[in-house]
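**Q** give me a 3D structure for the following:
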Amino acid sequence: MNYHQLLQIVVAVVFTVTITCGSIRGRSIEACTPNDLEALMSFKNGIQMDTSGRLAKWVGQNCCQWEGIVCETETENATSRVTEIHLPGFISSDKDLSQTQMSGLLSPSITLLTSLEILDLGGLVGLSGTIPQTLGVHLKKLQKLYLYGNNLSGPVPESIGELSNLQELALHENWLSGSIPLSLGSLKNLKRLLLYANRFSGTIPDSLGNLNSLVELDVHGNSLTGHIPYGIGQIKNLEKLDISDNMLSGNIPSSLTNLTAISVLYMDTNFLEGTIPFPSRSGEMPSLGFLRLNNNKLTGKIPSNLGYLVSLQRVSLSNNKLEGELPSSLGNLVFLTEIYLSGNLFSGQIPKSIGQLSQLIMFNISYNLIEGPLPQDMSSLQNIQTLDLSFNPLNLSTIPEWVANLPSLSRIYLAGCGIKGPIPDFSQTAGGPIQELDLSVNYLTGAIPSWIGSLNQLYLLNLSRNSLDSTIPDSVTKLHDLGVLDLHSNKLTGSITQVFNIDQGISGGSLTYIDLSDNNFSNGVEGIGVGGQSDIQFLNLSHNLLNGRLLSSIGRLKSIQSLDLSFNELASKLPEMLANLTSLEKLKLQDNHFTGNIPNGFLKLRNLKELNLSDNYLEGEIPEGKPLIDFPESSYSGNKGLCGKPLVPFHSHTHIVFFLHEFESHNNADVIELKASLSLDV
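**A** Model prediction:
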């Protein structure tokens, strides 16, 4: 074949392709069928706002050229029909992902699109109305229906069960109510059924066990009741089952052991009872990686067979009524990264086999009956980041040295573990950057060590409810990442100035929670706000020996919601700048020596829900207006010079007696007669 012959063939192919493309393009620009056009225009007319601007481009008769619309040509009559609608709320581009809004009603005329295969209106948070009752009758070709993340209400129509081609049904995150239709069990091709975060009630239909093609079933976050259908265990292809956060009861069906493809199983936050029935033998549920059974009423022991779940990565059994010793077979779960066992009745000791879990990053067994000692084998947990053994009768004489040597450990919770003596030196042995340290409710004595300031990534420090004495070390000012400081209920003395001088770094500060109550601190209140801790939301300095004056710098605590300075010896006028704390919900200043008037600016504290100014030396009239008049008399009692609502009015008997006593020395008969007529104490 010579060059010219080859060139002729290429030209012929190009010509053919051009003609073909032209004919296809020619058919695609034909006007829509009347029904399709009517359906789309009705949908557009039901939308009052479209921030994406897509519907504004829907003009003319050629709907197949409109943005978000896909058409195909039907061979039998050579007409173009709408087969896909893609108008998602989230629009992705090469640069970013943006969310748009469409506000309005979903038009029932959408059912006129009888060739529709894909309807995607997911994530349009302003789209309201109901799902058309006849949707399943008319849209027989529908394969994917995405109406999630809208504002739809009402029931799911039974007619959806007639969509025999449906593969994905996503109706989650709406306000849909009523029962889950029994007819859904007829959707033999359905792979994903997402109904979570709605208001569905009633039971999970037994008919869902017929959905042999189902890969994902998610109905969490509803109000479903009754038992888990036994038939769900027959869905061989099921990979994800989430029925959490409902009101389901009864036992966990043993049929779930048949789910050979299951990888995610969430049944937490229900009222499930009985024992954990799976797996019954080795080889069952071989792909299960994520298991949540927490927040139920499960009883019995952790079955030793749980060690057969060889793919398990995360398991939560917390907040049940499980008991007995932890099985040593837990050490067989070599891929385990997180285990949550808190809030049960587990007893005995932590098995040595836990040390075999080389991938473990989270171990939480708080609020149980676990006894000491801790096995030395746990020192092998080289990847552990969070260790929570709080509130167990471990009766540790001290914290084992290997705890501080764990190279990845950053969160240590040993509250209520019976630890005695001084705080051990973590700064010298800590293998990793400690971010959270909770040693509260123990028997710690001595001083807060100065090395605490070397934990430069510390965010939470809780040493409350111990017997620590001495002062707060100056080194705490170096904790520039500190967000939570709780030292309440100790025997600490001296100044609190260091806390308000903490170097909050370039970022401007993260300290949000401070509780120094129930100690013997005596000074330092002048430092409140001086350091510019504008992020503080909770500050409790009550039940100390604090004296001195509150300065106007307290008005810099713009984010504060709860301020408690009660039961101290503070003696000053109430700073006018307190009125700037408009986020305040709780203000407790009782049992001090505050004097003067209540500032009129307190009327700006509109968010105030709790106020106590009692037992001070305040005087004058309470500023009249909300929220001050909404609090009970007890909020102001014990201030002899204070008057106004809600206290007894100024012209009350008490004030009349005070007034008349001024004239008593004159022994005026009229005065005595007036007091008698008012039934006053003469």
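**Q** state the distance from Leu574 to Ser637.
**A** 17 Å (CB to CB, to the nearest Å). In this view, the C-beta of every residue, glycine as well, is placed from N, C-alpha and C.
**Q** scratch that, Ile85 is what I was asking about
**A** To Ser637, Ile85 is 67 Å away according to CB to CB.
**Q** pick out whichever of these two has more residues nearby.
**A** Shown here are Ile85 and Ser637; by other CB atoms under 10 Å, Ile85 has more neighbours (22 against 15).
**Q** for Lys44, grab phi and psi.
**A** When read as degrees, to the nearest 10, the backbone of Lys44 gives phi -60, psi -40.
**Q** how about Asn165?
**A** phi -90, psi 0.
**Q** and stretch 300-307, end to end?
**A** 16 Å (CA to CA, to the nearest Å).
**Q** what about it, distance to the chain center?
**A** Counting by CA atoms, centre = their mean, to the nearest Å, stretch 300-307 is centred 30 Å from the centre of its parent chain.
**Q** give me the contact list for that stretch.
**A** 274-276, 278-281, 312, 315, 317, 322-333 (CB atoms under 8 Å, 6 or more residues apart in numbering).
**Q** of these, keep whichever come out buried.
**A** Buried by 16 or more other CB atoms under 10 Å: 276, 278-279, 312, 315, 317, 322, 326-327, 329-333, out of the contacts of stretch 300-307.
**Q** in strands, which of these appear?
**A** Val315 (DSSP state E).
**Q** how about CSV for the buried ones among the contacts of stretch 300-307, with distance to Tyr459 and pLDDT added?
**A** Formatted as CSV, the buried ones among the contacts of stretch 300-307 follow (distance: CB to CB, whole Å; pLDDT from 0 to 100):
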residue, distance to Tyr459, pLDDT
Ile276, 35, 97
Phe278, 39, 92
Pro279, 40, 93
Leu312, 30, 97
Val315, 27, 98
Leu317, 28, 98
Leu322, 32, 98
Leu326, 30, 97
Pro327, 35, 96
Ser329, 36, 96
Leu330, 30, 96
Gly331, 32, 95
Asn332, 35, 95
Leu333, 30, 96
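**Q** can I get the buried ones among the contacts of stretch 300-307 in CSV including distance to Phe538?
**A** CSV is the format used below for those (distance: CB to CB, whole Å):
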residue, distance to Phe538
Ile276, 39
Phe278, 44
Pro279, 46
Leu312, 38
Val315, 34
Leu317, 32
Leu322, 34
Leu326, 36
Pro327, 41
Ser329, 44
Leu330, 38
Gly331, 41
Asn332, 44
Leu333, 39
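**Q** Leu214 versus Tyr148, what's the distance?
**A** Per CB to CB, Tyr148 is found 17 Å from Leu214.
**Q** cool, Gln561 as well?
**A** Distance of Gln561 to Leu214, given as CB to CB: 47 Å.
**Q** for the two, indicate the residue with more neighbours.
**A** The neighbour comparison of Gln561 against Leu214 (other CB under 10 Å) goes to Leu214, with 24 against 18.
**Q** count the residues that sit near the nearest residue to the more buried one once chain neighbours are set aside.
**A** In this structure, Leu214 finds its nearest non-sequential neighbour in Ile235, 5.2 Å apart by CB to CB, 6 or more residues apart in numbering. Per other CB under 10 Å, the neighbour tally for Ile235 reads 23.
**Q** and for Val403?
**A** Val403 has 22 neighbours, counted by other CB under 10 Å.
**Q** packing partners of the helix or strand where it lies?
**A** Using DSSP states H and E, Val403 maps to helix 401-405. Contacts defined by 3 or more CB pairs under 8 Å, 6 or more residues apart in numbering; DSSP states H and E place helix 401-405 against helix 426-429.
**Q** pLDDT weak spots in the stretch 301-450 of the chain?
**A** Across the stretch 301-450 of the chain, residues meeting the criterion (pLDDT under 70) sit at 427-432.
**Q** show me where it has its strands.
**A** Using DSSP state E, counting those that start in this stretch, the strands of the stretch 301-450 of the chain run over 314-316, 323-324, 338-340, 345-346, 362-364, 386-388, 411-413, 420-421, 436-438, 443-446.
**Q** relative to the first one, what are the paired strands and their orientations?
**A** Strand 314-316 pairs in its sheet with strand 290-292 (parallel), strand 338-340 (parallel), by DSSP bridges.
**Q** how far away from the center of its chain is the last one?
**A** In this case it means strand 338-340. Offset of strand 338-340 from its chain centre (CA atoms, centre = their mean): 19 Å.
**Q** and what of stretch 226-237?
**A** The mean C-alpha position of stretch 226-237 is separated from the chain mean by 30 Å, CA atoms, centre = their mean.
**Q** list the buried residues for it?
**A** Neighbour-count burial for stretch 226-237, counted by 16+ other CB under 10 Å, picks out Ile228, Pro229, Gly231, Ile232, Gly233, Ile235.
**Q** may I have the phi/psi pair for the residue lying closest to Ser495 once chain neighbours are set aside?
**A** Distances taken as CB to CB, 6+ apart put Gly524 closest to Ser495, at 3.9 Å, once the chain neighbours are dropped. Dihedral angles of Gly524 (phi, psi; degrees, to the nearest 10) stand at phi 110, psi 0.
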